[in-house]
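Engineer: Following is a predicted model, sequence given first.
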Amino acid sequence: SSGINAEYGDDFKEINTSEDIVHGLDLTSINGSIKTFLGNNTSLLALNNQCLAIKEQISLFFSCIRDVQDWLTNVGHPFISSHALGTALEQAKTGKSTFLRFLATSGLDGTKQKIGQCSKTLSVILNSQFLDDRSANIIRDTFARTEVDWKGFGLEVQEHGRDIELTIEFFEAAEHVSTYIANEEKASSQLLNTKTDSVTPDVVSDITKLRQSLRQTSDRMDLCHSKFIELSASTNATLKHIRSVKTRVDSDWTRFSEQVRSVEKLVEASEEDKNSVTSLEMKDEDNAYRNTKLLIQELVNTEQAYVDDLKAIVTGYKERIETSPDCPKILKCNTGTIFGNIEDIYNFHCKIFLADLQRSMESASVGAVFSTNIKNFDMYATYCKNKPHSENFLSGVEMPFLSQCQKELNHVLDLSSYLLKPVQRIMKYHLILEKLIKYSRSAKRKEELSQALKIMAQVPRYANDAIHLMGLEGFTGNWDDLGQLLQQENFLVFVNGGKKPTPRQIFIFERAVLFSKPAPPKKPLQSRKMSISPSPKYSYKCHYPLSQLGLTRFVQDDTNSVQFQLSVFKKDQRNACESFIIQSASTAVRDRWVERIESLLFSQFTILKSRAASNIL
């Protein structure tokens, strides 16, 4: 347009090929006069045709935007807000079928394609020569608002699908408990009418069976409670009826448990053996045994469910992408980015860890299972390192092929949600181990569990450290020279006695300490329900071998200070030294870092001393 205006001046003022296109100027009506004026000037005719082509792209863009917004306003959001979770098990299952049918037939996939079409058209429009800045900003902002609304709806769908599954699991557990109580309450009432002097071995056997069945059902009661807690945290769930069901089941369970306890007292009252334990000790041991068994059973059950989820990812997504001729090339070429090492994780849990846990149920030697397999959990650090790359890739593509895989698997949640499960799972093991330690009565078992807990509590931290190290940019040295990463933290650092501190992310390796500068935080992507924080980024500043470092535990002899000091002695400059006063967030952080650095320096001193002795000999 600038070329036309430069040559022909005022004759083309009425054809504003930037802003007027955005506002819907119909160039077709003046197209004939343009061609008459241009005559045989083919280059200008080509320019005019380009202008018309861009107008068609803009019309297509706004048409797609309107379709997406109309679908969200009239179909998507109304369905999610009005879809009930159900007030009983069969209603909840029917609600799930309705929800899955909505995902399959409501036009969701077509709307996804419209968003993809908007994105492609946006790129063409913004790269054209016919738009001024104001028009480009209008189009860009329109797409950004629609995209945020679409992603917000996607989160709503995920959360609603999760609430449906939780509701079904809650009603299944509640129904199981209610049916059990209804079947056993009559028998317990008959036992309760037994006189103390009439407690025969058969009565004792019946009471033992009753107590065992109560133990077996208590895991369903625990499941009912845990699902109710999860539903209570939901923003979608309508809990009035669910809360009333929970109250009724709690009341029935409390009444029946007290009844069973009263029956047990018949045995205690008739027990003549002076060496028998007191009723309080029996109750304590019984509860400890019950809780331990329940926790181990829960661990095995959730591990089996986790393995099933991993199998769905590997066979239902990854292998189909690799083998299906219908799969787009962009997916086939990026399976490493999408899935990381999840197949290794699946093989470990499926073939080794789950089987070991199942074998440990009788002996309750769970701690040994974790300690034996600790090296295999290192693969989670690799997985977490790749996770941001996977998220970035999947958030940038809209693939009907992946949606089809999800439908065939009958999954409510999409692939991105399933790929988050390894990160969620690795965070839960140490919580179960803590509970097992609490209820363990064996000193040997407690020691095994404590050792396993110490190891497993470090695994999420190693994974987190790996994610932070992945964000480091600008380091051009050899990573092998630094050794293994041991820990990282954010500090305020005073350099060479300066008064103004600077923020630094510090990494400790086996053979060096590395300083980096945190990048300014990026604004998280906002959605209707949450914000998604971007991965951390750091700029490399410097690093120093441990052989050049000196440590001062307390700055100015203040034992309550949150500061410590590192001194760097330069090899090539006699008596030259740099100092870094490092201020941590708490004394606990300072102590952890000081102890780690002291240990590394002492180990290095021992090695150097041994080498010196060898050289003398």
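Structural biologist: Nice, thanks for sending it over. Numbers count the residues shown, from 1 in each chain.
Engineer: Could you pull up phi and psi at Leu485?
Structural biologist: The phi and psi values for Leu485, taken as degrees, to the nearest 10, are phi -70, psi 130.
Engineer: Could you pull up the contacting residues of it?
Structural biologist: Neighbour list for Leu485: Asp465, Ala466, Leu469, Phe507, Ile508, Phe509 [criterion: C-beta atoms under 8 Å, 6 or more residues apart in numbering]. In this view, the C-beta of every residue, glycine as well, is placed from N, C-alpha and C.
Engineer: And for Leu122?
Structural biologist: By C-beta under 8 Å, 6+ apart, Leu122 lies in contact with Phe61, Ile139, Arg140, Phe143.
Engineer: residue ranges of the helices in the stretch 351-500 of the chain, please?
Structural biologist: Along the stretch 351-500 of the chain, counting by DSSP state H, counting those that start in this stretch, helices occupy 354-363, 366-372, 379-395, 400-409, 415-419, 421-426, 429-439, 443-456, 458-470, 479-482.
Engineer: of all those, which lies closest to Lys55?
Structural biologist: Lys55 lies closest to helix 400-409 among the helices of the stretch 351-500 of the chain, at 29.0 Å (C-beta to C-beta).
Engineer: helices and strands around the closest one, which ones?
Structural biologist: Here helix 400-409 touches helix 108-126, helix 415-419, going by 3 or more C-beta pairs under 8 Å, 6 or more residues apart in numbering; DSSP states H and E.
Engineer: Provide the contact partners of the shortest one at residue level.
Structural biologist: Okay, so that is helix 415-419. 158, 309, 312-313, 317, 338-339, 342, 387, 390-391, 394-395, 402, 405-406, 411.
Engineer: Could you pick out the buried ones from these?
Structural biologist: 158, 309, 312-313, 317, 338-339, 342, 387, 390-391, 394, 402, 405-406, 411 (16 or more other C-beta atoms under 10 Å).
Engineer: and which of the residues you listed is nearest Thr94?
Structural biologist: The closest of these, once distances to Thr94 are taken by C-beta to C-beta, is His411, at 18.6 Å.
Engineer: need the contact list for the residue nearest the centre of the chain.
Structural biologist: Centroid check for the chain by C-alpha atoms, centre = their mean gives Leu420 as the closest residue, at 4.4 Å. Contacts for Leu420 were tallied using C-beta under 8 Å, 6+ apart; there are none.
Engineer: how close does it sit to Ile508?
Structural biologist: Per C-beta to C-beta, to the nearest Å, Leu420 is found 29 Å from Ile508.
Engineer: Can you name the next helix or strand after the lowest-mean-pLDDT helix or strand in the chain?
Structural biologist: The weakest-scoring helix or strand in the chain, judged by mean pLDDT, DSSP states H and E, is strand 531-532 (a mean of 36). Using DSSP states H and E, the helix or strand that directly follows strand 531-532 along the chain is strand 538-545.
Engineer: could you dump the helix or strand that comes right after that next one to CSV, C-alpha only?
Structural biologist: For strand 538-545, the succeeding helix or strand toward the C-terminus, using DSSP H and E, is strand 549-552. The C-alpha trace of strand 549-552 is given here as CSV (Å, rounded to 0.1, in the frame of the first residue of the first chain):
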residue,chain,number,x,y,z
LEU,A,549,36.8,-22.3,48.7
GLY,A,550,36.9,-21.5,52.4
LEU,A,551,33.8,-21.5,54.7
THR,A,552,32.9,-19.3,57.6
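Engineer: Remind me what strand 549-552 packs against, helices and strands.
Structural biologist: strand 563-569, helix 587-616.
Engineer: I'd like these laid out as a markdown table, including mean neighbour count, mean pLDDT and distance to Gly76.
Structural biologist: Shown next, in a markdown table, are the helices and strands packed on strand 549-552 (neighbours: other C-beta atoms under 10 Å; pLDDT from 0 to 100; distance: least, C-beta to C-beta, whole Å):
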| stretch | mean neighbour count | mean pLDDT | distance to Gly76 |
| --- | --- | --- | --- |
| strand 563-569 | 17 | 91 | 54 |
| helix 587-616 | 13 | 80 | 46 |
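Engineer: Could you dump those into CSV with distance to Gln57 added?
Structural biologist: Below are the helices and strands packed on strand 549-552 laid out as CSV (distance: least, C-beta to C-beta, whole Å):
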stretch, distance to Gln57
strand 563-569, 59
helix 587-616, 55
